[in-house]
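Chemist: this one's structure only:
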């Protein structure tokens, strides 16, 4: 019995063990299958989505993802993709993300937006940027009412060129009160609006001067269009050819049409008309083109448009029937707002020419010299008062002559007003012509003078303009003067790597970098008389050092010429050891004494280009009225208590700096530009020039050595402009 029971127990145990083994084997096989299948499914899903950087491992039901994700977004996408195949709770994230150092930095960019309300900072900057410091600096340096920091940061290495561009952008924000400044590594883009053409030029110059090495600058700086009053155009055809004396346009399309009409009429080298505000009608270009075409049909003559008034003149040689036909044709095509006047000239009245003449000369130092004839003592005092109200110093005397033509004083005052727009020049008034000659730093001056004379004396007045534009006097260009040119040249030489072979005048090394810097300066300074002076130390004999220094100065000037630099007005001189700037007892001192210095020989630039002589413009001179019949004068009446200072424009500022001498045998007709504001329209009540003079009432006190000159009236210097 016991043996039989033992055998039965062993059999049962063996059966149970076999069953347990079979169950374990089945479970293990099932688990292995599930692990393998899960890994395969997840790998296939990740590879299909482009996430092949992920490694998949299974541990029972857990799916473990490993690998280095390029970004946090890629890591998240891998987790999401695996969760679409197996239960997301089974996915274990063991992935890492690439370090910031191994990743490409973002595109850093900052924008400074400045207007009258304040400054806004927008963009992405490196985390190391001192944003609080930027805000404090902008508040203190710009006095902006508000500085708003909207910057974002990223913890990446600062790219090359970022710091220099940021510092320059901040400095540009101080210069431009209304601007958008975009800052990128090594590049700054500035869009700005200025109040005037002069401000635009000054800002562009200041930005160029402050630009650091290694930073590219892109600018888009604009200025508002000028208000032109009166809105004027003058086109002339005579023996000198067809040309504009003044030209204004209200749109670019209109300007192109006006210029095309002038070129069709035979004008050569037509300057672009000035774009401005103040056109009397949207049809300005239609009226101008039609008027130019009418003069072209005549073959000779002139047309003046002053606001809505059109005045056509032709010389005595034009057939009257042809002239009448041209005028009638122009009348038919002129837009309704424009009024047409015409005049076929007759031979000048010899009686009017006589000896009557007035001349005035304005020197570079703003000294006005007048001489000539005037109608009577009262008119003489009036003209003298007008002159003293506009020019710092007035010299000369006028002679009373009752025989001068009617309207003579108004013509004289108009000539002085024209002279007031020049830096230096002269005017000459005769019964049939006003001649204005001089130099101006504003290319708009000829147009302004033409429009002003047409307004004061009528659009048919005869005048001759020979006004030269001098870019050195143009404040909008902000060109360096002579001392500044020398200063910049000497800075380059002090930092230069140009050397010379021992005891020789031959240049050693590569002078190209220095010559490039000198070329940039000489581009604006070549018209000054300059001297390149060579200097040596005391080693060697005095005569040898003098020859050596002269030879080295000549070698530098020759190298500049070979590099394409204009050295026409530059001379070379050797000073040897005579002008040391340091001790010759030390090597350092001797090194400083071996130098080349530039020196200014004259404060005035040299003008060498030949200039054509001026040509008389065709027109009509105001005729005196017969005793019993007043003549028409489109100038407008003067009040009995007429004060000439405010009527004839703003008073000239006191004592301008000396300007280059401009008088010479030939002075060209300068380019055209915007005009000064006017106060009297040609459409006002007509009055004769004689009556105009009779209405002049001005108390005048002429200063004498014993009687000091009275204080300026409100209409003189310091008074608001009209």
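Modeler: Nice, I can see it. All values reported here derive from a predicted model rather than from experimental measurement.

Chemist: quick one: the strands in the stretch 251-400 of the chain?
Modeler: Using DSSP state E, counting those that start in this stretch, the strands of the stretch 251-400 of the chain run over 274-275, 301-306, 309-314, 339-344, 358-362, 367-374, 393-400.

Chemist: these: which one's closest to residue 409?
Modeler: For residue 409, the closest of these is strand 367-374, at 6.6 Å, according to Cβ to Cβ. (Glycine included, C-beta is placed from N, CA and C.)

Chemist: for the stretch 51-200 of the chain, which spans come out with low pLDDT?
Modeler: Confidence mapping of the stretch 51-200 of the chain against pLDDT under 70 gives the ranges 99-104.

Chemist: what about the strands in it?
Modeler: 55-59, 62-69, 91-97, 109-115, 118-126, 147-154, 179-184, 187-193.

Chemist: now those in a markdown table, with distance to residue 567?
Modeler: Below are these laid out as a markdown table (distance: least, Cβ to Cβ, whole Å):
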| stretch | distance to residue 567 |
| --- | --- |
| strand 55-59 | 74 |
| strand 62-69 | 65 |
| strand 91-97 | 64 |
| strand 109-115 | 42 |
| strand 118-126 | 46 |
| strand 147-154 | 49 |
| strand 179-184 | 39 |
| strand 187-193 | 34 |
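
Chemist: can you show me the helices along the stretch 1-150 of the chain?
Modeler: According to DSSP state H, counting those that start in this stretch, the stretch 1-150 of the chain carries its helices in the segments 2-48, 72-83, 131-142.

Chemist: let me redo that: the stretch 251-400 of the chain
Modeler: All helices of the stretch 251-400 of the chain, identified by DSSP H, counting those that start in this stretch, fall at 252-264, 284-298, 320-333, 350-353, 377-390.

Chemist: pick the most buried one from the strands of the stretch 251-400 of the chain.
Modeler: Highest mean neighbour count of the strands of the stretch 251-400 of the chain: strand 301-306, a mean of 28 (counted as mean count of other Cβ atoms under 10 Å).

Chemist: for residue 371, which residues are in contact?
Modeler: Counting by Cβ atoms under 8 Å, 6 or more residues apart in numbering, residue 371 touches 358-360, 396-398.

Chemist: what do you get for residue 598?
Modeler: 486, 489-490, 493, 530-533.

Chemist: of these, grab the buried ones for ChimeraX.
Modeler: Listed next is the ChimeraX selection for buried residues among the contacts of residue 598, using 16 or more other Cβ atoms under 10 Å:
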select :486,489,493,530,531,532,533
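
Chemist: from the contacts of residue 598, pick the one nearest residue 133.
Modeler: The closest of those, once distances to residue 133 are taken by Cβ to Cβ, is residue 490, at 36.1 Å.

Chemist: quick check, the closest one in contact with residue 600.
Modeler: No - contact between residue 490 and residue 600 fails when scored by Cβ atoms under 8 Å: they sit 10.6 Å apart.

Chemist: what's near enough to touch residue 186?
Modeler: Shown in contact with residue 186 (Cβ under 8 Å, 6+ apart): 160-162, 164-165, 214-216.

Chemist: nope, residue 47 is what I meant
Modeler: If you count contacts by Cβ under 8 Å, 6+ apart, residue 47 has none.

Chemist: separation between it and residue 375?
Modeler: According to Cβ to Cβ, to the nearest Å, residue 47 and residue 375 sit 106 Å apart.

Chemist: quick one: low-confidence residue ranges for this structure.
Modeler: For the chain, applying pLDDT under 70 flags the ranges 1-31, 99-104, 271, 347-355, 459-460, 607-722.

Chemist: so it: which segments form each domain?
Modeler: 2-102, 109-222, 232-347, 351-475+611-694, 482-600 (automatic domain parsing).

Chemist: circling back to that earlier point, and the strands of the stretch 51-200 of the chain, which is most packed in?
Modeler: strand 179-184 (a mean of 22).

Chemist: wouldn't residue 584 be in contact with residue 537 here?
Modeler: Yes - look at residue 584 against residue 537 with Cβ under 8 Å: they come within range, at 5.2 Å.

Chemist: any chance you could list residues touching both of those two?
Modeler: Common contacts of residue 584 and residue 537 (Cβ under 8 Å, 6+ apart): 577, 590, 593.

Chemist: the closest residue to the second one other than its chain neighbours: how many residues sit nearby?
Modeler: In space, residue 590 comes closest to residue 537 once its chain neighbours are excluded; the distance is 3.8 Å by Cβ to Cβ, 6 or more residues apart in numbering. A count of neighbours around residue 537, defined by other Cβ atoms under 10 Å, yields 20.

Chemist: ok, now residue 452?
Modeler: For residue 452, using other Cβ under 10 Å, the count is 24.

Chemist: again with residue 84
Modeler: By the criterion of other Cβ under 10 Å, residue 84 has 11 neighbours.

Chemist: same check on residue 136?
Modeler: Residue 136: 12 surrounding residues under other Cβ under 10 Å.

Chemist: repeat for the one 5 residues further on
Modeler: Counted with other Cβ under 10 Å, residues neighbouring residue 141 total 12.

Chemist: separation between it and residue 133?
Modeler: 12 Å.

Chemist: ok, residue 595 next?
Modeler: As for residue 595, its distance to residue 133 is 41 Å (criterion: Cβ to Cβ).

Chemist: which SS class is the residue nearest the centre of the chain?
Modeler: Geometric centre of the chain, nearest residue: residue 201, 3.4 Å, by Cα atoms, centre = their mean. Under DSSP: H, G, I helix; E, B strand; the rest coil, the three-state class of residue 201 is helix.
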